[in-house]
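[1] Based on what follows, work out the 3D shape:
(one chain, ligands or ions: 1)
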Amino acid sequence: MMSGRRVVVFPSVAELGCTLAQLVSSRAEKALSTGASFSLGLSGGSLVSILSKELPAVPNLDCSRWLVGFCDERLVPFTDPESTYGLYMNQLFGKINIPEERILAIDPCLPVQECAEDYAGKLSKAFNTEQIPVFDMLLLGMGPDGHTCSLFPDHPLLQESQRTVAPISDSPKPPPQRVTMTLPTVNAARCVVFVSTGGSKAPILKQVLEGGEGPALPAALVAPGQGELFWLVDEPAAASLTAPVERPGPGAKL
Ligand SMILES: O=C1O[C@H](COP(=O)(O)O)[C@@H](O)[C@H](O)[C@H]1O
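    The predicted structure is shown next:
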């Protein structure tokens, strides 16, 4: 059942990061108590450093049965500073014990169309389904234009209803070639968590969460039909919100 959206505001990025890590750990525990693995989709951008700092600090975190994918990825070599996989390799994967074969990455040597098909095939094999894979948890960011994954405002990919993953060659944010989960995949997840921090996100956060003129922005189209939806934000990002939010005390669990 859709449990309703929870907007949770933190005094600092450090406190947000700590709660995010606890949330990932608790949903992993839940998934592993009933199933063989915990599937987690990662995004890039500012999320990388927040997660990489706080997740390894969770006591007794056992990631041996995690299955990690990417909500979107830039089509650049893993050594390029724009590569999300490369950043997580350098900042996180060396600190937690996810088996290498359980990290599903794109093949950046392929042309973008084939790369998306190849990555969709990897998801299909790992989830053992030709249908939309159901991730236990997806961690998303939101750009200052309201994009999430590599789904940008007014882009035709917002209408995609069949494919799990799609290529994009005209990303308005560089690099232009990327591979992204589509909205049906995002909205099929059991738990979706947005992380948005900093005052530069305040106007768009208000528009996404409280509505505004024009067509709905990509981040506003994320509404998991059967899952939980969290927005974890810091005070500067939340500065313009007027709708009710939660402000948990230190150490509170979600
Ligand atoms: O380009 C991207 O941007 C979004 C948002 O990043 P942020 O730095 O503003 O948090 C990110 O979620 C996505 O994965 C990335 O490819």
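
[2] What number of residues are in the vicinity of the nearest residue to Thr84 once chain neighbours are set aside?
    Closest residue to Thr84 apart from its sequence neighbours, by CB to CB, 6 or more residues apart in numbering: Gly44 at 3.4 Å. In short, each C-beta sits where N, CA and C put it, glycine included. Burial measure for Gly44: 22 neighbouring residues, criterion other CB atoms under 10 Å.

[3] Then Gly44 would be within a helix, right?
    No: the assignment for Gly44, made by DSSP: H, G, I helix; E, B strand; the rest coil, is coil rather than a helix.

[4] dump the residue contacts of it.
    Phe70, Asp72, Glu73, Arg74, Thr84, Leu87, Gly141 (CB atoms under 8 Å, 6 or more residues apart in numbering).

[5] how about the strands in the protein?
    5-10, 38-42, 66-70, 72-74, 137-140, 165-168, 178-181, 191-196, 228-234 (DSSP state E).

[6] Ok, which of these comes nearest the ligand?
    When the strands of the chain are ranked by distance to the ligand, counting by CB to the nearest ligand atom, first place goes to strand 72-74 at 4.8 Å.

[7] how distant is stretch 40-59 from the center of its chain?
    10 Å (CA atoms, centre = their mean, to the nearest Å).

[8] swap in stretch 236-253?
    20 Å.

[9] Use 37 as the first number for this chain going forward.
    Got it, first residue is 37 now, which makes that one stretch 272-289.

[10] Does it reach the ligand?
    No: applying CB under 6 Å from any ligand atom, one finds stretch 272-289 separated from the ligand by no less than 10.4 Å.

[11] just to revisit the earlier point, next one: the residue nearest to Thr120 from the ligand, what distance?
    4 Å (CB to the nearest ligand atom, to the nearest Å).

[12] Next one: the closest residue to Leu123 other than its chain neighbours, what pLDDT does it get?
    Spatially, and ignoring its direct neighbours in sequence, Leu123 is nearest to Val84 (4.7 Å; CB to CB, 6+ apart). In this prediction, Val84 carries a pLDDT score of 98.

[13] Can you get me a residue count around Val84?
    19.

[14] What about the contacts of Gly80, which one has the most neighbours?
    Glu109 leads the contacts of Gly80 on contacts (other CB under 10 Å) with 29 neighbours.

[15] residues from the stretch 137-286 of the chain in reach of the ligand?
    Checking the stretch 137-286 of the chain against the ligand by CB under 6 Å from any ligand atom, the hits are Leu176, Gly177, Met178, Gly179, Ser186, Lys209.
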